[in-house]
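Peer 1: any chance you can model this:
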Amino acid sequence: MTQLVDPTIEESVKSAKVILNQQTVMAEQGQSLFDCAERLGIRIPTSCRKKGKCRECMVEVTSGMEFLTPLHASEEHMDGTLRLSCCARLLDDAGEVHCNTLKRGSIHIEVDAENLPDAATGIELKPAVTRDGDTIYIEGEPVATSTGPLLGAAIDVGTTTIVLRVYNLETGEAVAGTSFESPQRFGGSDIMARIVFDTNDGTRLLQRTLLGHLAHCLDELPIDSTDIYEMVVAGNATMRDLFFGLDVESIGQKPYRSQTEFDMLEGRAESTVITASAKRLRLPLNPAARVYGLPLVGSHVGADTAACMLAVALLDEEKTVALMDIGTNTEIVCGNKHSAKAASCPAGPAFEGGVVSCGMPGLDGAVETFNLNDDGSVAYTVIGDVAPVGVCGSGLVDALSALLQHDVMDHFGRYTDGSDRFHIDRERHLYLTEADISELAQAKGANVAGLNILLNNCGVSYDDLDVLYLAGGFARHLDIDAARRIGLIPNLPDEKIKKVGNAAIEGASIALYSLPYRRRLEVFVKSIGHVELETDPNFFEHFVQGCQFEAFEEPPADA
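Peer 2: Reported below is the predicted structural model:
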């Protein structure tokens, strides 16, 4: 841990200890958290030079909020633990403030095709962006002249985490990539909260904050971002539409449809695809670049699900498969190329680290595996091999499984010794409370109910499934035995369960470098049937059963 003490601070001046990203600095009255970050050499994004206008310099204050000035007018949209670091200043009362910047991490920039079908990994390179001599074309239309690299970007805009990849469109090589926590957290941790915030705000603050943060990330990549001529965007219906600045109020009320879906159904558009210029979105791409939003499946089943279908080659699949893209808004698909249905589960952000005391996305510093030994000692691994600062989804599943297996927790999620928390690492203040377990139980219950009801609607039992694909940010590191033990996934044999990691970014990448598959997807999504879970009479029964931590083996009872 780094300790910096300003030698100019005299003993008579009251000061506070600020611990930012586990680095410590002593700060005087009136200094901002942004000032503290600068002294520690920690970069915080800003476009307004600390004037409180860009809303990009957000930090999370985990303790010591009482030692900071009240919310500034620029922070009226903030609640809970979030502050703008340029506005939050130290009061004259000595104290200790703990805070963190938005978490960021690197991703594997190579094409991560483990467990994907051959039909999805052998796709011919045929991007929309091409070159003839020095002239650059987008779908045959000349847009620019350049001798530089021909790059394209794919982005998965998740509710909790954003993942970006950049490709050389002439070779198919992945040349850069990054991931980061959503800077829209101040608008709420789930989709409905973001919809309410954006509707009440009326200034497109969520869009401006996200695009501003993304612009900083693009500038920091080891490429010239002006060589990017197209960006393909995946995301659930709300996150995709917020990205493009569309009104999302209609997605939050029945029949829960994007404006683009209404436009298509009422004949004003051929599909739910969105396109915009990079210039209009103020992204630092080539001035002629196009930003393409993948089509929606329907209602809350969005463009991220459409991308997942490309990743698992559902458009060419003969077998009966199911796909679960587990996240804040879990999407589930069942079927094959002949017939498929989809549903959306409002599971909440628990398995992505949200609403859990020590939870965080799967970025550097996150506990990703956990084991409880017979003598009560614990063992864990951390992403990035750094000091742990939180626990991500795969680590939470491991922890629940271990606590259940060793009778520390019962199948209702209560600690058997009467305590209210279990310490994963007491020294670093990492723990799991019964309230945290309740949040995870409800997220699990929503996922289980969704899978049961969708399979019922398809007339498919678990035994009928040839493959269950598990997608999502934490699925790659998910321990299958632990997930089955707590009842997060059905008790299928190993050979039927395929972890495909972030299938949405894989599918967005396919759509980026294969225009023919992109066009096929636009047609295919129109054939997908949408199942409304909330109208199923057995939803509550499935949900209650799914909230318990126990394995389930039989097909749905009402199949």
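Peer 1: how is this structure carved up into domains?
Peer 2: 3-101, 118-313 (automatic domain parsing).
Peer 1: least confident of those, on average?
Peer 2: Of all these, mean pLDDT reaches its minimum on domain 3-101 (a mean of 82).
Peer 1: longest single helix anywhere in the chain?
Peer 2: Secondary structure of the chain per DSSP state H: the longest helix is helix 434-458.
Peer 1: which strands and helices sit next to it?
Peer 2: The contact analysis (3 or more CB pairs under 8 Å, 6 or more residues apart in numbering; DSSP states H and E) places helix 434-458 against strand 321-325, strand 330-335, strand 340-345, helix 393-405, helix 539-547. Where you see a C-beta, it was placed from the backbone N, CA and C, and this is true even at glycine.
Peer 1: hmm, who's touching the fourth one?
Peer 2: It refers to helix 393-405. 326, 350-353, 356, 359, 362, 366-372, 380, 391, 408-411, 422, 424, 432, 437, 440, 472-474, 477-479, 481-483, 485-486, 488, 549 (CB atoms under 8 Å, 6 or more residues apart in numbering).
Peer 1: sheet partners, orientation included, of the next helix-or-strand element following it?
Peer 2: Going down the chain from helix 393-405, the next helix or strand is strand 421-425, by DSSP states H and E. Taking DSSP bridges as the criterion, strand 421-425 sits next to strand 430-433 (antiparallel) in its sheet.
Peer 1: CA atoms of the partner strand as CSV?
Peer 2: Written as CSV, here are the backbone C-alpha positions of strand 430-433 (Å, rounded to 0.1, in the frame of the first residue of the first chain):
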residue,chain,number,x,y,z
LEU,A,430,-14.3,-9.1,2.5
TYR,A,431,-17.4,-10.8,3.8
LEU,A,432,-20.8,-12.2,2.8
THR,A,433,-23.9,-11.3,4.8
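Peer 1: quick thing: my sequence starts at 57, can you match it?
Peer 2: Sure thing, new numbering starts at 57, so read that last one as strand 486-489.
Peer 1: contacts for it, please.
Peer 2: Outside of strand 486-489, the residues within contact range by CB under 8 Å, 6+ apart are 412-414, 423, 444, 446-447, 452, 455, 459, 476-480.
Peer 1: so how do I select the buried members of these in PyMOL?
Peer 2: Buried residues within those, by 16 or more other CB atoms under 10 Å, are selected in PyMOL with:
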select buried, resi 412+413+414+423+444+446+447+452+455+459+478+480
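Peer 1: I'd like to know which of the helices and strands packed on helix 490-514 is closest to residue 556.
Peer 2: strand 377-381 (8.4 Å; CB to CB).
Peer 1: packing partners of the closest one?
Peer 2: helix 359-367, strand 386-391, helix 490-514, strand 523-527, helix 559-569.
Peer 1: go again using 10 Å as the cut-off
Peer 2: Secondary-structure packing of strand 377-381 (3 or more CB pairs under 10 Å, 6 or more residues apart in numbering; DSSP states H and E): helix 359-367, strand 386-391, strand 396-401, helix 490-514, strand 523-527, strand 553-557, helix 559-569.
Peer 1: which parts of the stretch 57-206 of the chain are strands?
Peer 2: Using DSSP state E, counting those that start in this stretch, the strands found in the stretch 57-206 of the chain span residues 59-60, 71-76, 79-84, 114-119, 138-140, 152-157, 160-161, 185-188, 191-194, 197-201.
Peer 1: quick one: which two of the contacts of strand 486-489 are the most distant?
Peer 2: The most widely separated members of the contacts of strand 486-489, counting by CB to CB, are 444 and 476 (21.3 Å).
Peer 1: residue ranges with poor pLDDT in the stretch 507-615 of the chain?
Peer 2: Residues of the stretch 507-615 of the chain meeting the criterion pLDDT under 70: 609-615.
Peer 1: look up how far residue 145 lies from residue 88.
Peer 2: 5 Å (CB to CB, to the nearest Å).
Peer 1: whoops, residue 597 was the one
Peer 2: Distance from residue 597 to residue 145, by CB to CB: 52 Å.
Peer 1: neighbour count winner among those two?
Peer 2: Neighbours per residue (other CB atoms under 10 Å) separate residue 597 from residue 145, with residue 145 holding more: 20 against 14.
Peer 1: now, of the strands of the stretch 57-206 of the chain, which is deepest in the fold?
Peer 2: Mean neighbour count (mean count of other CB atoms under 10 Å) peaks for strand 138-140 among the strands of the stretch 57-206 of the chain, with a mean of 24.
Peer 1: show me what it is packed against.
Peer 2: helix 89-96, strand 114-119, strand 152-157.
Peer 1: what touches both of residue 88 and residue 145?
Peer 2: Common contact partners of residue 88 and residue 145 (CB atoms under 10 Å, 6 or more residues apart in numbering): 124, 125, 139.
Peer 1: residue 142 is in contact with the second one, correct?
Peer 2: It stands for residue 125. No: under the criterion of CB atoms under 10 Å, residue 125 is not in contact with residue 142, lying 11.5 Å apart.
Peer 1: what's the local residue count around the nearest residue to residue 520 once chain neighbours are set aside?
Peer 2: Of all residues not flanking residue 520 in the chain, residue 376 sits nearest, at 5.8 Å (CB to CB, 6 or more residues apart in numbering). When neighbours are defined as other CB under 10 Å, residue 376 has 18 of them.
Peer 1: is it true that residue 376 touches residue 514?
Peer 2: Yes: taking CB under 10 Å as the definition, residue 376 is a contact partner of residue 514 at 8.3 Å.
Peer 1: list residues touching both of those two?
Peer 2: 390, 391, 395, 396, 520.
Peer 1: residues contacting the residue nearest to residue 411 when sequence neighbours are not counted?
Peer 2: Excluding the flanking residues, the one nearest residue 411 by CB to CB, 6+ apart is residue 495, at 5.0 Å. Residues in contact with residue 495 (CB under 10 Å, 6+ apart) are 404, 405, 406, 407, 410, 411, 412, 413, 415, 452, 469, 489.
Peer 1: mind putting those into CSV with secondary structure, distance to residue 215 and pLDDT?
Peer 2: CSV is the format used below for the contacts of residue 495 (DSSP: H, G, I helix; E, B strand; the rest coil; distance: CB to CB, whole Å; pLDDT from 0 to 100):
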residue, secondary structure, distance to residue 215, pLDDT
404, coil, 10, 83
405, coil, 7, 84
406, helix, 12, 87
407, helix, 12, 86
410, coil, 8, 79
411, coil, 12, 84
412, coil, 15, 88
413, coil, 19, 87
415, strand, 14, 88
452, helix, 17, 95
469, coil, 24, 96
489, strand, 23, 95
